[in-house]
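Asks: Curious how this folds, go ahead:
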Amino acid sequence: MMMLLLLHAAILCSPTAALSTAYTPPTYRSFRPASSIRTTSSHHTPTATTTTPLFSAKTTSSDREDACGNIECIEIRSSSTPPPSSSSRRESTRRTALQQLLSATSSVITMASLPVTAKASTELVTTTTTATATASSAATATVARSTTWPLGKVAFSLLPLAGTFTRRATVMETLVEGKMWTLDQIQGVVNVNVPVRMVVIKLSPQAGGGLWIHNPLAPTPQLLSYIRQLESSHGPVRHIVLGTVALEHKATLGPFAQYFQKATVWIQPGQWSFPVQLPIEYLGVVQNNEKLRVLPSSQYLHSRSSISIEKGSGGDAKSLLEEELKSIPERRYRYWAEKFPVPEWFVDIDYETLGPLQFQSVGAYSETAFFHKPTKSLIVTDCVCSVTKDPPKVIQEDPRALLFHARDSIENVVVDDVATRQKGWRRMVQFGLVFFPSQIDVVPFGRAIEESTKIDASMKSLGEGAVPGGTLYPWTWHDNDADVANFIAISQNGKLFCPPILTKLILDREPKKTLEWVDRITRRFDFTHVIPGHLNNYVKADKKEFGRAFDPLRSNPRDQKSAVVYPQRALAEDLALLQEASDLLTKFGVVAESQVCDLEPARQVGRFAAIAPK
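Replies: Numbers count the residues shown, from 1 in each chain. Purely as a prediction, here's the structure:
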């Protein structure tokens, strides 16, 4: 969610904020590497299910320099489309793109800022999950005391996120009987909801026993009842671990930890707040002293383990600890790190930490991947995910958002069946991952408001509590399910991938450190499943598949010996907003210049091609 707000801030900082004209749908082309990249040899044309490089070492040196020089990349055009014939034509195209950017931004931001209405009730009305009824009768759900979190608005700084002031149901799954469970809730904006996940592990007696929790969720009565049930069978919550610095995960840490004050809280290094750096207690964490710890660096723990069996290594161990303590900024954490340098749960759960990777202006990215040895499971937060055509269980728990997005336009009336839910889900995925799908046309804001008053009565409940009045739908989808191909390019039947917002805005600024982290994970941990913090759960994948998820960060067309460009996990036209945000955030000094070049086709075929740097 913080990343989404960052994108909005970038757009508002652009010159388009001064424009106020009507939107005209643009035309744009698909990226075709075989006909568009100027090389001395032929190229492979990638399909939606391949990771074949788009660019090979056969390209000439001069072409590589053209392809990626600072922020510039070669101009990619279809051979059948002639270049603009005059400056006036280009100015017209530029104006159209700017108008589109403004229209989309004003619609989304206004939707997020207007008041919303939500039914409140103290009785739970179960949502209908059978796919036989119309949307009006099948998709009804009201707020129950067991599925609400009154502090949600405060914890998320009054952001209009789903689950902060609306229903926040919890879905629990057993992954490995008697050893591992996950609990999912939803989070989103404008009915674009995604699962946000916590993991619960039963520790072995050698690791101290009890429960170990990763990235705790909002402590609704329903979620707490699940945890109490696990405690009654497997022992108390003994460790609560925050493995990220992302707002949507750390905002629920303190409120959850307050219910388990005897547990030790472990926080990810690199925590930050804006505009003033505040201690973790401001998030509601009540633990202190030995009950509040920073995760020791994985490099320290592994170096310590490697020398512990060597004779006469006491001096080396002391030196390692001294270096570790120097890396901890706060004195209170250093004291307990020196006294108890190794977590007792390290017997069961190993880990590798990335970062913190500091942004150029404010903020950071930092994440830890945990390896649960008994189940051979890798637990991560945001770095990879997987998505398939079927919506996750927590999304289907209240299917209204799925049906909301299954409509091609505001006039549509949909029924609640399997196909409709899958259609809504693939569109939610596109919104959630690329923010501005290429297969939508934005409706001018004034017309969208007018049309919202004419919506079919049976559809009004679909946006209730999520969009203004529950009726606003300021876009239309292209005909004939044109977005199926866009979803397939992202999904690739559930293969792991690093989300585009990371490969285009964050990790591409530090590819060397990121890939070194990935290499440590794949070299040290022999896992069979990955548990991401979002989207699909308990993904069957080995270390080779995990490593391939980061291929876009390996693109390097400048290398004369092994020049290669791997495709992003979305079509070029769908990456237009992320590419524009990357250019703007770089220009205004928010982030450093990208160190990865994928030939930036989104600048050429995307919505903002007219204003992209050439």
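
Asks: Okay, now the unreliable bits of the protein?
Replies: 1-145, 147-166, 274, 304-315, 317, 560, 609-614 (pLDDT under 70).

Asks: I'd like to know how far the nearest residue to Lys250 once chain neighbours are set aside sits from Gln287.
Replies: Closest residue to Lys250 apart from its sequence neighbours, by Cβ to Cβ, 6 or more residues apart in numbering: Leu242 at 5.7 Å. Every residue, glycine included, has its C-beta placed from N, CA and C. Distance check for Leu242 against Gln287: by Cβ to Cβ, to the nearest Å, it reads 12 Å.

Asks: Repeat that for Ser377.
Replies: Look at Ser377 and Gln287: by Cβ to Cβ, they are 26 Å apart.

Asks: now Gln360
Replies: Distance, Gln360 to Gln287, by Cβ to Cβ: 33 Å.

Asks: which of those two has more neighbours?
Replies: Remark: of Gln360 and Gln287, Gln287 carries more neighbours, 21 against 14, as counted by other Cβ atoms under 10 Å.

Asks: Surely that one is in contact with Thr264?
Replies: Yes - between Gln287 and Thr264 there is a contact at 6.9 Å, judged by Cβ atoms under 8 Å.

Asks: Dump the helix or strand Val265 falls within to PDB, restricted to CA.
Replies: Mapping Val265 onto the secondary structure by DSSP states H and E places it in strand 264-267. Backbone C-alpha positions of strand 264-267 (Å, rounded to 0.1, in the frame of the first residue of the first chain) are rendered in PDB as follows:
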ATOM      1  CA  THR A 264       9.500 -12.000  22.500                       C
ATOM      2  CA  VAL A 265       9.100  -9.600  19.600                       C
ATOM      3  CA  TRP A 266      11.800  -9.800  16.900                       C
ATOM      4  CA  ILE A 267      11.900  -6.900  14.400                       C
END
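
Asks: what element comes up after that strand heading to the C-terminus?
Replies: In N-to-C order, the element after strand 264-267 by DSSP H and E is strand 292-294.

Asks: Please list the residues outside that next one that contact it.
Replies: Taking Cβ atoms under 8 Å, 6 or more residues apart in numbering as the criterion, the residues outside strand 292-294 that touch it are 264-267, 269, 280, 285, 328, 330, 332-333, 336-337, 343.

Asks: Please repeat the previous calculation with a cut-off of 7 Å.
Replies: If you take Cβ atoms under 7 Å, 6 or more residues apart in numbering as the criterion, strand 292-294 is touched by 264-267, 269, 285, 328, 333, 336.

Asks: Identify all contacting residues around stretch 241-250.
Replies: By Cβ under 7 Å, 6+ apart, the residues outside stretch 241-250 that reach it are 1-2, 187, 196, 212-215, 253, 266-268, 270-272, 283, 356, 364, 366-368, 370, 381-382.

Asks: so where do the strands sit in the stretch 351-500 of the chain?
Replies: Taking DSSP state E, counting those that start in this stretch to define them, one finds strands in the stretch 351-500 of the chain at 364-372, 377-379, 440-442, 475-477.

Asks: got it, and the chain?
Replies: Assigned strands in the chain, in chain order: 171-176, 180-189, 192-202, 211-214, 237-242, 264-267, 292-294, 349-358, 364-372, 377-379, 440-442, 475-477, 529-531, 539-540 (criterion: DSSP state E).

Asks: Kindly reformat those strands as CSV containing mean neighbour count.
Replies: Below are these laid out as CSV (neighbours: other Cβ atoms under 10 Å):
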stretch, mean neighbour count
strand 171-176, 16
strand 180-189, 23
strand 192-202, 24
strand 211-214, 25
strand 237-242, 24
strand 264-267, 23
strand 292-294, 21
strand 349-358, 21
strand 364-372, 23
strand 377-379, 26
strand 440-442, 20
strand 475-477, 20
strand 529-531, 23
strand 539-540, 16
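
Asks: Could you save these as a markdown table and add columns showing distance to Glu397?
Replies: Rendered in a markdown table, the data for the strands of the chain read as follows (distance: least, Cβ to Cβ, whole Å):
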| stretch | distance to Glu397 |
| --- | --- |
| strand 171-176 | 6 |
| strand 180-189 | 8 |
| strand 192-202 | 10 |
| strand 211-214 | 21 |
| strand 237-242 | 24 |
| strand 264-267 | 29 |
| strand 292-294 | 34 |
| strand 349-358 | 29 |
| strand 364-372 | 26 |
| strand 377-379 | 23 |
| strand 440-442 | 26 |
| strand 475-477 | 25 |
| strand 529-531 | 19 |
| strand 539-540 | 20 |
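
Asks: looking at those, which is closest to Pro392?
Replies: When the strands of the chain are compared for distance to Pro392 using Cβ to Cβ, the nearest one is strand 192-202, at 4.9 Å.

Asks: ok, now which ones touch the closest residue to Phe527 other than its chain neighbours?
Replies: Excluding the flanking residues, the one nearest Phe527 by Cβ to Cβ, 6+ apart is Leu378, at 4.2 Å. Contacts for Leu378 were tallied using Cβ under 7 Å, 6+ apart; they are 369, 371, 525, 527, 530.

Asks: which of these lies closest to Ile349?
Replies: In terms of Cβ to Cβ, no member of the contacts of Leu378 lies closer to Ile349 than Phe371, at 6.8 Å.

Asks: hang on, that closest one packs against Asp350?
Replies: Yes - with contact defined as Cβ atoms under 7 Å, Phe371 reaches Asp350; the gap is 4.7 Å.

Asks: Now for the two: what residues contact both?
Replies: Contact criterion Cβ under 7 Å, 6+ apart; residues bridging Phe371 and Asp350 by contacting each: Phe525.

Asks: thinking again about what came up before, could you dump the contacts of Leu378 to JSON lines with distance to Glu593?
Replies: As requested, those are arranged in JSON lines below (distance: Cβ to Cβ, whole Å):
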{"residue": "Ala369", "distance to Glu593": "27"}
{"residue": "Phe371", "distance to Glu593": "33"}
{"residue": "Phe525", "distance to Glu593": "32"}
{"residue": "Phe527", "distance to Glu593": "34"}
{"residue": "Val530", "distance to Glu593": "31"}
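
Asks: tell me which of those is nearest to Gln299?
Replies: For these, the residue nearest Gln299 by Cβ to Cβ is Ala369; the value is 13.7 Å.

Asks: do you know which of the strands of the chain lies nearest Ala592?
Replies: Taking Cβ to Cβ as the measure, the strands of the chain were each checked against Ala592, and strand 349-358 came out nearest at 9.4 Å.

Asks: hmm, back to that, tell me which of the strands of the chain lies nearest to Val429.
Replies: If you check each of the strands of the chain against Val429 by Cβ to Cβ, strand 192-202 wins as the nearest, at 8.4 Å.

Asks: So what are the sheet partners of that closest one and their directions?
Replies: Listed by DSSP bridges, the sheet partners of strand 192-202 and their directions read strand 180-189 (antiparallel), strand 211-214 (antiparallel).

Asks: Of these, which is nearest Phe608?
Replies: Shortest separation from Phe608 across the strands paired with strand 192-202 is recorded for strand 180-189, at 21.8 Å, computed as Cβ to Cβ.
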